[in-house]
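Asker: coordinates only, sequence not included:
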């Protein structure tokens with residue numbers, strides 16, 4: 001079979017430009033690196049509020065960033081995330097999500113809270129190891145009781161729960177598409193201007209690959225927490241900056257946040 005020079009030139013053009021089946025499927029090219037590139041841009045870098053939180057995985061940081069983009073600039077979320085993602089536009093939930101985002105008014109980004117991360121981590125591990133699902137702990141404790149244990153704010157708290165593949169975009173879109181019986185509440189939690197802090201944990205689940213827990217809280221009621229007895233091992237709602245002391249009650253050495261992970265600064 002003979003190929004003309006013109007035909008060879010056409011083949012070379014497609015190979016050189018990378019056009020073909022791969023580009024036709026946005027899911028192939030719109031990976032975690034592609035999402036991260038959005039928040040590397042100066043316009044959106046301020047929404048990546050969890051970027052320097054050492055205790056979070058890269059996936060957990062991206063969940064926070066995606067929630068913040070939807071909160072702060074819903075139109076940009078549609079343009080920069082939903083359209084390139086290749087999401088199923090035929091699903092009825094998709095139209096509902098677009099309507100919600102287009103009606104949403106811009107609000108401030110969520111700030112990461114280590115105490116909320118601990119609450120979400122405990123529950124994600126509990127559900128993963130027990131094989132259960134939902135908001136109540138395996139011992140019957142409600143999500144609000146659990147969150148207040150770590151984040152004693154005495155104000156509004158909320159929680160989103162997810163089971164599935166564990167990809168940041170899948171997690172956030174499933175909440176915004178209002179899937180499941182708590183779908184509307186999950187979407188509201190992400191977009192609400194009454195919630196200020198967030199904690200995220202993604203952990204393996206013995207029955208469903210992964211599960212993710214997002215815990216939210218309003219600004220704490222300082223008057224209600226002022227007289228609460230402090231404990232050396234407790235991190236309060238006012239999170240400790242990385243490497244600074246949680247408590248100075250110990251006489252020998254200083255207690256650092258890293259002590260929670262088994263290390264003490266001499």
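Answerer: All right, it came through fine. It should be emphasised that the depicted structure is a prediction, and the values quoted were computed from it without experimental measurement.

Asker: Please make it C-alpha for all contacts and neighbour counts, starting now.
Answerer: Noted.

Asker: For residue 75, which non-adjacent residue is closest in space?
Answerer: Spatial nearest neighbour of residue 75, excluding adjacent residues (C-alpha to C-alpha, 6 or more residues apart in numbering): residue 102 at 6.7 Å.

Asker: any idea how far that neighbour is from residue 176?
Answerer: Going from residue 102 to residue 176 by C-alpha to C-alpha, to the nearest Å gives 12 Å.

Asker: Show me which of those two is the more surrounded one.
Answerer: Set residue 102 next to residue 176 and count neighbours by other C-alpha atoms under 10 Å: residue 176 wins out with 27 against 12.

Asker: give the contact list for residue 203.
Answerer: Neighbouring residues of residue 203 by C-alpha atoms under 8 Å, 6 or more residues apart in numbering: 121, 124, 125, 128, 210, 211, 212.

Asker: Among those, which one lies nearest to residue 199?
Answerer: Residue 199 has its nearest neighbour among the contacts of residue 203 in residue 121, at 8.5 Å by C-alpha to C-alpha.

Asker: The closest one - that's part of a helix, no?
Answerer: Yes: Residue 121: assigned to a helix according to DSSP: H, G, I helix; E, B strand; the rest coil.

Asker: how many neighbours does it have?
Answerer: Neighbour count of residue 121, defined by other C-alpha under 10 Å: 21.

Asker: Also residue 127?
Answerer: Residues contacting residue 127 under the criterion other C-alpha under 10 Å number 26.

Asker: about what we covered before: got the contacts of residue 203 as CSV, with distance to residue 149, secondary structure and pLDDT columns?
Answerer: As requested, the contacts of residue 203 are exported to CSV (distance: C-alpha to C-alpha, whole Å; DSSP: H, G, I helix; E, B strand; the rest coil; pLDDT from 0 to 100):
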residue, distance to residue 149, secondary structure, pLDDT
121, 13, helix, 96
124, 16, helix, 94
125, 17, helix, 94
128, 20, helix, 90
210, 25, strand, 92
211, 21, strand, 92
212, 19, strand, 95
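
Asker: Now flag whichever of these is closest to residue 190.
Answerer: When the contacts of residue 203 are compared against residue 190 (criterion: C-alpha to C-alpha), the nearest one is residue 212, at 14.1 Å.
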